[in-house]
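Colleague: Make a model of this:
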Amino acid sequence: MDRITADPQICNGKPVITGTRIMVRNILGMMAGGYSMTKILESYQELTSEDVQAALEYAAKVIDEEQVVSFG
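Modeller: Down below sits the predicted model:
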(Lines give C-alpha, C1' and ligand atoms only; values in the text may rest on other atoms or scores of the structure.)
Protein backbone atom coordinates (compact mmCIF):
# COMPACT_ATOMS: atom_id res chain seq x y z
CA MET A 1 0.00 0.00 0.00
CA ASP A 2 2.99 2.33 -0.43
CA ARG A 3 1.24 3.74 -3.51
CA ILE A 4 -1.50 5.31 -1.33
CA THR A 5 -0.83 8.20 1.05
CA ALA A 6 -3.08 10.08 3.45
CA ASP A 7 -1.47 13.34 4.60
CA PRO A 8 -3.45 16.13 6.30
CA GLN A 9 -1.49 18.66 4.22
CA ILE A 10 -2.58 17.08 0.91
CA CYS A 11 -6.26 17.09 -0.15
CA ASN A 12 -7.37 17.48 3.48
CA GLY A 13 -6.01 14.05 4.38
CA LYS A 14 -8.01 12.15 1.78
CA PRO A 15 -6.15 9.12 0.40
CA VAL A 16 -4.21 9.98 -2.76
CA ILE A 17 -1.83 8.22 -5.09
CA THR A 18 1.59 8.83 -3.54
CA GLY A 19 3.43 11.74 -5.11
CA THR A 20 0.26 13.17 -6.69
CA ARG A 21 -2.89 14.99 -5.66
CA ILE A 22 -5.05 12.39 -7.42
CA MET A 23 -7.53 11.12 -4.86
CA VAL A 24 -8.46 7.46 -4.64
CA ARG A 25 -12.12 8.49 -4.74
CA ASN A 26 -11.58 10.13 -8.15
CA ILE A 27 -10.24 6.88 -9.57
CA LEU A 28 -13.06 4.88 -8.00
CA GLY A 29 -15.63 7.34 -9.33
CA MET A 30 -14.23 6.99 -12.82
CA MET A 31 -14.36 3.20 -12.59
CA ALA A 32 -17.94 3.35 -11.28
CA GLY A 33 -18.82 5.66 -14.16
CA GLY A 34 -17.69 3.10 -16.68
CA TYR A 35 -14.20 4.33 -17.46
CA SER A 36 -11.77 1.64 -18.54
CA MET A 37 -8.26 1.36 -17.17
CA THR A 38 -7.02 2.76 -20.47
CA LYS A 39 -9.30 5.81 -20.25
CA ILE A 40 -8.22 6.51 -16.66
CA LEU A 41 -4.55 6.28 -17.64
CA GLU A 42 -5.20 8.63 -20.58
CA SER A 43 -6.94 11.09 -18.26
CA TYR A 44 -4.18 10.99 -15.63
CA GLN A 45 -1.00 10.39 -17.58
CA GLU A 46 1.15 10.43 -14.42
CA LEU A 47 -0.61 7.27 -13.18
CA THR A 48 0.37 3.69 -13.87
CA SER A 49 -1.90 0.67 -14.00
CA GLU A 50 -0.34 -0.36 -10.67
CA ASP A 51 -1.55 2.93 -9.15
CA VAL A 52 -5.10 2.27 -10.29
CA GLN A 53 -4.91 -1.29 -9.00
CA ALA A 54 -3.64 0.03 -5.65
CA ALA A 55 -6.64 2.37 -5.45
CA LEU A 56 -8.99 -0.57 -5.98
CA GLU A 57 -7.16 -2.68 -3.41
CA TYR A 58 -7.25 0.20 -0.93
CA ALA A 59 -11.01 0.55 -1.39
CA ALA A 60 -11.51 -3.19 -0.93
CA LYS A 61 -9.48 -3.11 2.29
CA VAL A 62 -11.43 -0.13 3.65
CA ILE A 63 -14.77 -1.75 2.82
CA ASP A 64 -13.65 -4.98 4.46
CA GLU A 65 -12.99 -3.07 7.70
CA GLU A 66 -16.18 -1.00 7.66
CA GLN A 67 -19.53 -1.86 9.16
CA VAL A 68 -22.12 -2.58 6.47
CA VAL A 69 -25.09 -0.19 6.36
CA SER A 70 -28.42 -1.31 4.90
CA PHE A 71 -30.10 1.00 2.39
CA GLY A 72 -33.53 -0.50 2.36
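
Colleague: Which elements pack onto the least confident helix or strand in the chain by mean pLDDT?
Modeller: Using mean pLDDT, DSSP states H and E, helix 49-65 stands out as the lowest-scoring helix or strand of the chain, at a mean of 93. Applying 3 or more Cβ pairs under 8 Å, 6 or more residues apart in numbering; DSSP states H and E, we find helix 49-65 packed against strand 4-5, strand 16-17, helix 24-32, helix 37-43. (Each C-beta comes from the backbone N, C-alpha and C, glycine too.)

Colleague: Touching it from outside, list them.
Modeller: 1, 3-4, 15, 17, 22, 24, 27-28, 31, 37, 40-41 (Cβ atoms under 8 Å, 6 or more residues apart in numbering).

Colleague: As a markdown table, those residues with pLDDT, distance to residue 57 and neighbour count would be great.
Modeller: Shown next, in a markdown table, are those (pLDDT from 0 to 100; distance: Cβ to Cβ, whole Å; neighbours: other Cβ atoms under 10 Å):
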| residue | pLDDT | distance to residue 57 | neighbour count |
| --- | --- | --- | --- |
| 1 | 65 | 7 | 10 |
| 3 | 96 | 9 | 20 |
| 4 | 96 | 9 | 17 |
| 15 | 96 | 12 | 20 |
| 17 | 97 | 12 | 24 |
| 22 | 97 | 16 | 20 |
| 24 | 97 | 10 | 24 |
| 27 | 98 | 11 | 25 |
| 28 | 97 | 11 | 15 |
| 31 | 97 | 13 | 17 |
| 37 | 95 | 14 | 14 |
| 40 | 98 | 15 | 19 |
| 41 | 97 | 17 | 16 |
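
Colleague: In a markdown table, list the helices and strands packed on helix 49-65 along with distance to residue 51.
Modeller: Formatted as a markdown table, the helices and strands packed on helix 49-65 follow (distance: least, Cβ to Cβ, whole Å):
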| stretch | distance to residue 51 |
| --- | --- |
| strand 4-5 | 9 |
| strand 16-17 | 5 |
| helix 24-32 | 8 |
| helix 37-43 | 9 |
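
Colleague: For the residue nearest to the spatial centre of the chain, give me its contacts.
Modeller: Of all residues in the chain, the one closest to the mean position by Cα atoms, centre = their mean is residue 24, 2.1 Å from it. If a contact means Cβ under 8 Å, 6+ apart, then residue 24 has 4, 14-17, 55, 58-59 as its contacts.
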